[in-house]
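1. Test case, fold it:
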Amino acid sequence: MLAVDAANPWLLERWASDGTLPNLRALMSRGLVGHTRNLDGFAVGATWPSWYTGVTPARHGLHYLVQLRPGTYELYRPADEGEALVKRPPVWSHLSRAGRRVAVLDVPVSAIDRSLNGVQTVEWGGHDSLFGIQSHPSELAGRIISAYGAHPLATPCDAIGRATEDYKAFVACLVAGVRLKTRWTADLLALGRWDFFLQVFTEAHCVGHQCWHLHDPAHPAHDAIVATEIGDPLRLVYQAIDTGIGHVLERAGDACVLVLSLHGMSHAFGAQFMLRDLLVSLGVTQPLSSGPQARGASRMRRGLRAVWRRLPRSVREQAALIKARLPWDDAAPPRLQLGIDPRQSRCFPHGNGLAAGGIRLNLAGREPEGIVAQGTAAETLEAQLTRDLLEIVDDDSRRPLVRRVLRTRDHYSGEHLNLLPDLLVEWDDVRAIGSASSGRGVGATLRAVSPKIRHVVGTNHYGRTGEHRPEGLFVAAGPRAHAGRMFRSVSILDFAPTLANVFGVALPESDGTAIPELLDAWR
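-> Okay, here's the model as predicted:
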């Protein structure tokens, strides 16, 4: 299995069709092509864990990389505290315990399994750096770095204020990273008789978030001069990955093959950066008062950002790891403070990513200072919030800001349900939003109106110009597979039970079901 993390499925198909991605095209010509769908109301931190466990966040316990500490109003990163991120074992651990020999390489949001019958690496190169590079056996990471080097992108993907030379260097590092990853992947593949072999090209994730505006001429932050000078960054990185896929598959012989983009990417959208202000305007959330000290800290952060943008690129690269640990940007998620007064707030924003926000009720008996009674009062508040949010429109386009609001417990159940937001807010994704940190800031400000809130104005300062979409793509091939196309989408939850079924291994519990078309192709 080779995954292209967070690649746009429609671009993959178009560029395969026109010959831009010849190896993907060849695989499609002999394999089964289908689309995947993500979980309603969740993305980012929940996607890969849900795929590799086969259960939803209500059972595996992770909906976002920053979570609400149970019994508090404090946000924290479980990975920083040595806490198990995902509370269910991945499918490869089940295969390993059944005696299968496995190699699991750079799967996002996954931890090392020291009992694995095979090898595993995390974060040689990855979009979300939670643990740093680790491996099983422990000496494998050192051998990879010694033989092939570290990933050329030595700084975090996210950045603001990139100039033309910065984008050139960024894309060049991603392409070089793909090439190095291809080399050590192919060499590892040749080392052993693997039953299950998985590598993830996370470079597609990075380039999508940071360079969508250079790919898409319709994006508010599009810079035609930069785009002309460096080319289409997505095309360049996707082509490098396609070349890597071809090289690795040459070594795979007559293996059963799965090439997968688990979720997609397109223009940035939504009003997650305004969610708290919208709830305040609706009268259901009370912010903490902003005193002189807080206002001074905010001014200081704005000043630091201005200085950072003027530094030479070489200096920024050396200081990037320090910068990533500082409270740099008021608007850049995740925010490690709620900024609400719980004694006067009936609900509050609950971090869930940018594509879909979360709202948690301040329930009496569940939250430390809960003021909303469980039962009828809570249900009435949820219904009111749903109506009020759906009435909010973007004052410029007159489109609704919110596509739909889901009550979490209507869609999910499990022992970790109480860790999740109570309401999931899916933002309308038609309008592309800009960023005050990219281009000239065009399209970065939204004006929200509704019968209840009149006008709420917010400006997006987060530097990403691309954001996730729930659709993905897969191609399955093998000695018994026939070329074709599935005319239904499959849930990301369905892959773990499918893989287990192929190897005759039972999952103790799964929210998905095996995909019969893949079983027919592989068995």
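2. Can you report how many residues lie near Ile515?
-> The number of residues packed near Ile515 is 24, by other C-beta atoms under 10 Å. (Each C-beta comes from the backbone N, C-alpha and C, glycine too.)
3. I figured Ala496 hits Thr56, correct?
-> No. Using C-beta atoms under 8 Å, Ala496 is not in contact with Thr56, being 11.8 Å away.
4. mind listing what's buried in the longest helix along the chain?
-> Identified as the longest helix of the chain according to DSSP state H is helix 164-191. Neighbour-count burial for helix 164-191 flags 166-171, 173-186, 188-189 (criterion: 16 or more other C-beta atoms under 10 Å).
5. and if you look at stretch 92-100?
-> For stretch 92-100, burial by neighbour count (16+ other C-beta under 10 Å) applies to 92-96, 100.
6. can you tell me which of these are in helices?
-> 92-96.
7. Buried residues in the helix or strand that contains Arg447, which are they?
-> Assigned by DSSP states H and E, Arg447 falls within strand 445-449. Within strand 445-449, the residues scored as buried using 16+ other C-beta under 10 Å are 446, 448-449.
8. Then stretch 213-230?
-> Across stretch 213-230, burial judged by 16+ other C-beta under 10 Å covers 213-216, 219-223, 226-227, 230.
9. what does stretch 367-387 give?
-> Buried positions in stretch 367-387, judged by neighbour count with 16+ other C-beta under 10 Å: 367, 370-372, 378, 381-382, 385-386.
10. Looking at those residues, spot the one nearest Arg14.
-> Thr386 (37.0 Å; C-beta to C-beta).
11. what about that closest one, helix or strand, and which?
-> helix 376-390.
12. That helix: what's the following helix or strand?
-> Next along the chain from helix 376-390, counting by DSSP H and E, comes strand 393-394.
13. Does the closest residue in space to Gly466 that isn't next to it in sequence belong to a helix, a strand or coil?
-> In this structure, Gly466 finds its nearest non-sequential neighbour in Trp212, 3.1 Å apart by C-beta to C-beta, 6 or more residues apart in numbering. Trp212 falls in the helix class when you classify it by DSSP: H, G, I helix; E, B strand; the rest coil.
14. Could you do Gly358 as well?
-> Assigned state for Gly358: strand (three-state reduction, three-state DSSP).
15. Can you name the residues that contact the closest residue to it other than its chain neighbours?
-> Leaving aside its chain neighbours, Gly358 sits nearest to Pro421 (2.9 Å; criterion: C-beta to C-beta, 6+ apart). When contacts are counted by C-beta atoms under 8 Å, 6 or more residues apart in numbering, Pro421 touches 63, 350, 352, 357-360, 408.
16. switch to 6 Å and redo it
-> Shown in contact with Pro421 (C-beta atoms under 6 Å, 6 or more residues apart in numbering): 350, 352, 358-360.
17. Next: Ser397.
-> Shown in contact with Ser397 (C-beta under 6 Å, 6+ apart): Arg431.
18. What of the one 4 residues further on?
-> By C-beta under 6 Å, 6+ apart, Leu401 lies in contact with 271, 392, 394, 428, 448.
19. thought the last one was touching Ile392?
-> Yes. At 5.2 Å, Ala448 and Ile392 qualify as touching, with contact defined as C-beta atoms under 6 Å.
20. The helix holding Thr386 packs against which elements?
-> When contacts are defined as 3 or more C-beta pairs under 6 Å, 6 or more residues apart in numbering; DSSP states H and E, helix 376-390 packs onto strand 402-407.
21. after the strand it packs on comes which helix or strand?
-> Toward the C-terminus, strand 402-407 is succeeded by helix 408-411 as the next helix or strand (DSSP H and E).
22. Just the buried residues of that next one, please?
-> Thr408.
23. In terms of secondary structure, what does the helix or strand following it contact?
-> Once the chain leaves helix 408-411, the next helix or strand it forms, by DSSP H and E, is strand 423-427. Counting contacts by 3+ C-beta pairs under 6 Å, 6+ apart, strand 423-427 is packed against strand 356-361, strand 402-407.
24. again, only using 10 Å
-> Here strand 423-427 touches helix 275-281, strand 356-361, helix 376-390, strand 402-407, helix 408-411, going by 3 or more C-beta pairs under 10 Å, 6 or more residues apart in numbering; DSSP states H and E.
25. Which strands or helices does the shortest one pack on?
-> Applying 3+ C-beta pairs under 10 Å, 6+ apart, we find helix 408-411 packed against helix 57-60, strand 356-361, helix 376-390, strand 423-427.
26. May I have the longest one as CSV, with CA atoms only?
-> I take that to be helix 376-390. C-alpha atoms of helix 376-390 as CSV (Å, rounded to 0.1, in the frame of the first residue of the first chain):
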residue,chain,number,x,y,z
THR,A,376,-34.5,18.9,28.1
ALA,A,377,-32.5,22.1,28.7
ALA,A,378,-29.5,20.8,26.9
GLU,A,379,-31.5,19.5,23.9
THR,A,380,-33.3,22.9,23.7
LEU,A,381,-30.0,24.7,23.6
GLU,A,382,-28.6,22.3,20.9
ALA,A,383,-31.7,22.9,18.7
GLN,A,384,-31.5,26.7,19.2
LEU,A,385,-27.8,26.7,18.3
THR,A,386,-28.5,24.6,15.2
ARG,A,387,-31.2,27.0,14.0
ASP,A,388,-29.1,30.1,14.8
LEU,A,389,-25.9,28.9,13.1
LEU,A,390,-27.8,27.8,9.9
